[in-house]
Structure formats: structure tokens, C-alpha cells
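**Student:** Below: sequence and its predicted model.
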Amino acid sequence: MDLKNLYRDVIVDHNRNPRNFRPMADADRHAEGFNPLCGDRLTLYVKLDGDRIGDVSFQGSGCAISVASASLLTESVKGRTVAEAELLFERMHALLTRDDDVDPASLGKLAALSGVREFPARVKCASLCWHTLDAALHREAEPVSTE
Amino acid sequence: MSTAASIAQPGSCAAQAAPSPIDVEAVRRDFPVLAREVNGRPLCYLDNAASSQHPRTVIDAISRYYETSHANVHRGVHRLSQEATDLFEGARETLRRFVNARSTREVIFVRGTTEAVNLVAQSYARPRLGAGDEILISWLEHHANIVPWQMVCEQTGAKLRVIPITRSGEVDFEAFLGLLSERTRLLALGHVSNALGTVLPVQEFIREAKRRGIPVLLDGAQAVPHLRVDVQALGCDFYAFSGHKMCGPTGIGILYGREALLAEMPPWQGGGDMILAVSFERTVYNDLPYKFEAGTPHIAGAIGLAAAVDYLETLGMERIAAAEHELLRYATSRLGDLPGLEIIGTARDKAAVVSFTLAGVHPHDLGTILDAEGVAIRTGHHCAMPVMEFYGVPATARASFAFYNTRAEVDRLVDAVAVAQEMLG
């Protein structure tokens, strides 16, 4: 178990300085995510431009993994189509839970989260924002919970 | 009294006044798990408020029972059933003595504190309460001493009233007096807070409740491992605790109830063991305590719990409390020196629990980083979300100490916290 593999420089950086960390008054969609085990809470905002994600931002509080994951998510899905974002969600899910199904190179900066799978208790921290994005894109009214 | 005696005989009483300290290295050899490693480091187990570890005597008592004497209790005339029954009822007597109940009829085996509170909620409170009645709890409670009462309130139309706490994490006594009303039907308090470690001056609360004829339940899950509990001296009506926080097994605990109240209460669950006679027209319930013990009980758990009591009493609850207080004092002082670390819960009287936050480091990350160093602590809301809300934090890190922990382990905790701060802060 190597902590350096979990808290890589990219993760530490995005936790200290989360990108797109702001509310969005004119969002088309938003959803709330909650991890009751550790108290992570986040709200994800999406502004659509046709079927593209024109803008995306988040707010909330949580552990370094959940904040960095949400920050990386916003950078990764901005400008992508909804279908592309959903494909990315599937790849992230595979990256976080399985060893060999996904080529980290295809994920860009998101690959920095691959160390999480060595820490099963922390997988939910990394995946919370992705489930929340999924809920936002599908207009689910109920807050997303990892439980 | 002891002061007068020590003046009369200073030499012989000195040892009584200050019990000899626990030989922690010898005690640690009694706990097999403390010899293991986690991530290449010796286990540093500081999550005792969640669940404590087991001495060899407890593990052996359970193994011996399964290897030699297991059968169902209260049923057979054969030898093993007799032996199992003797061990099970012997355990009940050990637990009676441990909390100084008047009779074993007042000692009910349950799954744990949570089940004990639910039993009282459904069997004592629910039939008695109506719309406008009030149940009084404090802001410090564990969810197990909140949710069962909320359920009763939904069922009966009663109201849950909550005594506020002060910034230091003490239950506000003046506010408590103000909340007592003509409609207060039950006071349910945690004896020791699991999230913060606050020890409540329960005698003062019980005195005021008794003056008004209000029955009192104490959630003693965190108290029994740390201080001597005497239910008669306390004067409470119900006292609930779990085995697994006092070196005993999981899945077993005790509800102490005053016999006069238990006798009036209907059974909670129906089944075998809780009956005297059953026909399709009518069932005659068994006597106390069996009326509340439907089904085959956790026999091995009860035997293991009695072995845990024997172990704790051999060490001495006073010596245990002294050892844990010293660890609390040392940990509070060392952690308090770390910049950016804030201790949550600073009551004057505390059990060996230090809940804290660290600037720039979320408790969940801290828990992972400490685990890599072999240090086990609890992080999260500690099943006390209202307490977290009161302090405006989503979670805390909580180190909780037992008599088998050492000052060197406190040092390891402090060093690991510093590592986390450097890594993420």
C-alpha cells in the first residue's frame, strides 16, 4: 500500500486548488451528491450547449479524493457531448474498480485516480462526483447517495 | 471516610488511595491481536470507542464453550444443555454483579445497546405515550438513542425534546431544567458521549428527573468500559450497554431494567423461551428476565461477555480508569500542541476520547494516511450527526484509548498526524 500512489501530485494540487469550484446561477442542470460514510457533499452544475456540456462547476466539501475527483471531472467533461461524458463515466468506473479493463492513457489527467482502487474504502469518494454528474444529466430530483 | 482511615493508618491505606498502575506490557500480552502488524507496522489500535479488542481469556471462554458444552439453553434435560444453561445463567449473575442490579430478573440479554434502547422504546414508552407527551434526550446522543425515540414519537404523537450542549460539549443543565415539563414522560441520556468523550454528571440529571417522577434510561455503551457503574447508586430505571466495547463479543449486550417497570411491560418479541404455555387461544408469558428473551440467545456471546467482566474486574475498574485518564491527558496535551489541530469536545470530565479536526486535511484522508502508518482511528460522524452539525463540521477524526494503549502509541498517532499535515495541509 503506497500512499504516494493515492495522493499523487495532481490529486494534491486539485484538492488545494479545485478548478471550476463555484456556483452557477444560470445552470440548466444541477444535482447533489452525498457520501454519508464520510460526510462528503457536493453540488454539481451543468450548462448545456445543445448536446454539449458548455460549462460545468461544483461546490461542496469533502475529502481530498472527492474534491480532486470532482475538480478533474469538470476539466475533463467540459466541451464534451453528453454521450461522451457518459462513456467517460463508464471508463472511470472501470478504472476505479477493475485492474485491467481500461487504458489509463485514454483518460488523460483522470488517470491520476487509478491509485484509488488499492484503497477500496475510498472508491466511493472518487466516484461520488461521477454519479452526481450522471444524475444531473438525467434530471434526477433526489440527491445521489453513495449508500 | 477513606481520608479519616488514612490519617489513622497512613501506611496501610496509602496503597488503597492510589491503586497500583497497570503493567501495560503485561496487559498487552493478554491481547493476541496487539501482536499483529498493519502495513508493515505494529498495530496501533486507537478505535476502542467503536469496538475494543479481546483478551485471550475471552476468546478461550468462547472456544471452550463451543468445544465442550454447546447445546440449547433452558430446554433439554441432557448434560450439555444443563452445562450450557449453567454457563449462560452464570454469565447473567456475573453481569448482575458487574452493574450491581438487585436481581438477575433485572438483567436482560440483548444484541447490544441499540436493541436495548429499542426494547424500552417499544415496550415501555410506546404503550404509555400519547399526543403531547414528551421524551427528553440531549444533543450529544448517538443515533441509537435518537432514532428509536423518533419512531415512538411517530407512533404515538409524542414529541422529542433535545437538551442543548455548550461549546465545550457538556449538556446544558440549566436548559435541561427549563425543558422538564408536566408532559415529560422519559429522560434518555448517554452516560458518556461516544463522539466527544464527555462524561455526563448523570446523578444530577437523575435527581431532578426523579423529583418529578420521570423515569430515566441511560445509554451506557461508552461508560461501562471506562468507569464503575452501579445502577442502584445511580438510581436510573434502565441502563443499556454492549459487550463489544468492553472487551467482549459483538452481538451481545445488556438491558438492565428496574423490576417493577419490567414486570409491567409487555413482551417485545414473541417466540420460544419467552413463554410458559402456548395454545392457539392463549399464551402465558414467561417470568423475568425470559419474557424479553425470545428465541435461542447468543449463548457464547453471554459467556464471552462474562469472561470480559472477569478480566476487567481482575485488572480493576479504578486502575483501568486511571490508565485511560493518563493516556487522555497525554494525548490531549500532545495533539493540542500541533498547529492547525482543533480538539472538538473539551468537557471537564471526559473518557479517553479525543475528537479533532486538522486544518487542510479532511478526516477521511487522515484516516487513510494513519492506516498506512498502522494507526487505526475512527473518522466520520460517529453516528452522532447532530453533534457534527453543532460544531459545523462534516466529520471529525477520533482517537479513543483503552487501558492496553501506551504513551508510545500516542506518540505514533501524533507523528502520523504530522505526516498527513505535511502531505495534504
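**Tutor:** Cool, the structure landed. Please read these numbers as outputs of a predicted model, since none were measured by experiment.
**Student:** Tell me who's in contact with the residue of the stretch 1-150 of chain B found nearest chain A.
**Tutor:** At 5.4 Å from chain A, B:Asn39 is the closest residue in the stretch 1-150 of chain B, using CB to the nearest CB. The C-beta positions use only the backbone N, C-alpha and C, and glycine is treated the same way. Contacts here follow CB atoms under 8 Å, 6 or more residues apart in numbering or on different chains; on that basis B:Asn39 touches A:1, B:371-374.
**Student:** if I read this right, B:Lys245 contacts B:His54, doesn't it?
**Tutor:** No. Between B:Lys245 and B:His54 there is no contact under CB atoms under 8 Å: 11.6 Å.
**Student:** Quick check: residues of chain A near chain B?
**Tutor:** Near chain B, the residues belonging to chain A are A:1, A:3, A:6-7, A:12, A:15-16, A:37-41, A:61-65, A:119, A:121-122, A:125 when assessed by CB under 8 Å from any CB of the partner chain.
**Student:** Now do the domain split for chain B, please.
**Tutor:** B:12-42+B:316-424, B:58-314 (automatic domain parsing).
**Student:** can you tell me which of the ones you listed comes nearest to A:Glu86?
**Tutor:** Closest approach to A:Glu86 among the domains of chain B is made by domain B:12-42+B:316-424 (27.6 Å; CB to CB).
**Student:** Quick one: mean pLDDT for that closest one?
**Tutor:** For domain B:12-42+B:316-424, the mean pLDDT works out to 94.
**Student:** what's near enough to touch the closest residue to B:Leu370 other than its chain neighbours?
**Tutor:** Among residues not flanking B:Leu370 along the chain, B:Ala416 sits closest, at 4.7 Å (CB to CB, 6 or more residues apart in numbering or on different chains). Shown in contact with B:Ala416 (CB under 8 Å, 6+ apart): B:369-370, B:373, B:375.
**Student:** Name the nearest of those relative to chain A.
**Tutor:** B:Ile369 (6.1 Å).
**Student:** Do I have it right that that closest one meets B:Glu422?
**Tutor:** No. Using CB under 8 Å, B:Ile369 is not in contact with B:Glu422; the gap is 9.9 Å.
**Student:** For these two, indicate the residue with more neighbours.
**Tutor:** Counted by other CB atoms under 10 Å in any protein chain shown, B:Ile369 and B:Glu422 do not tie: B:Ile369 has more neighbours, with 23 against 10.
**Student:** Now tell me what touches the helix or strand harbouring the more buried one from outside.
**Tutor:** Using DSSP states H and E, B:Ile369 maps to helix B:363-372. Identification of contacts with helix B:363-372 by CB under 8 Å, 6+ apart yields A:1, A:3, A:6-7, A:38-40, A:62-65, A:119, A:121-122, A:125, B:38-39, B:357-358, B:376-380, B:395-397, B:413, B:416-417, B:419-420, B:423-424.
**Student:** what helices or strands is the helix or strand just after that helix leaning on?
**Tutor:** Sequence order places strand B:375-376 as the next helix or strand after helix B:363-372, per DSSP H and E. If you count contacts as 3 or more CB pairs under 8 Å, 6 or more residues apart in numbering or on different chains; DSSP states H and E, strand B:375-376 packs onto strand B:44-45, helix B:407-424.
**Student:** can you give me the angle the last one makes with helix B:363-372?
**Tutor:** Translated: helix B:407-424. Interaxial angle, helix B:407-424 versus helix B:363-372 (axes from the mean of the first three to the mean of the last three CA atoms, to 10 degrees): 120 degrees.
**Student:** Go through helix B:407-424 and flag the buried ones.
**Tutor:** Across helix B:407-424, burial judged by 16 or more other CB atoms under 10 Å in any protein chain shown covers B:409-410, B:412-414, B:416-417, B:419-421, B:423-424.
**Student:** Please tell me how far that helix is from the chain's geometric centre.
**Tutor:** Averaging C-alpha positions (CA atoms, centre = their mean, to the nearest Å) puts helix B:407-424 28 Å from its chain's average.
**Student:** Could I get the CA-only coordinates of stretch B:200-212 as CSV?
**Tutor:** Extracted as CSV, the C-alpha positions of stretch B:200-212 are listed here (Å, rounded to 0.1, in the frame of the first residue of the first chain):
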residue,chain,number,x,y,z
LEU,B,200,-22.3,13.4,32.0
PRO,B,201,-22.9,14.2,35.7
VAL,B,202,-25.8,11.8,35.4
GLN,B,203,-26.6,11.8,39.1
GLU,B,204,-27.7,15.4,38.9
PHE,B,205,-29.9,14.8,35.9
ILE,B,206,-31.4,11.7,37.5
ARG,B,207,-32.1,13.6,40.8
GLU,B,208,-34.1,16.2,39.0
ALA,B,209,-36.0,13.7,36.9
LYS,B,210,-36.8,11.5,40.0
ARG,B,211,-38.0,14.6,41.9
ARG,B,212,-40.7,14.9,39.2
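**Student:** And it, what's buried?
**Tutor:** Applying 16+ other CB under 10 Å to stretch B:200-212 flags B:200, B:202, B:205-206, B:208-209 as buried.
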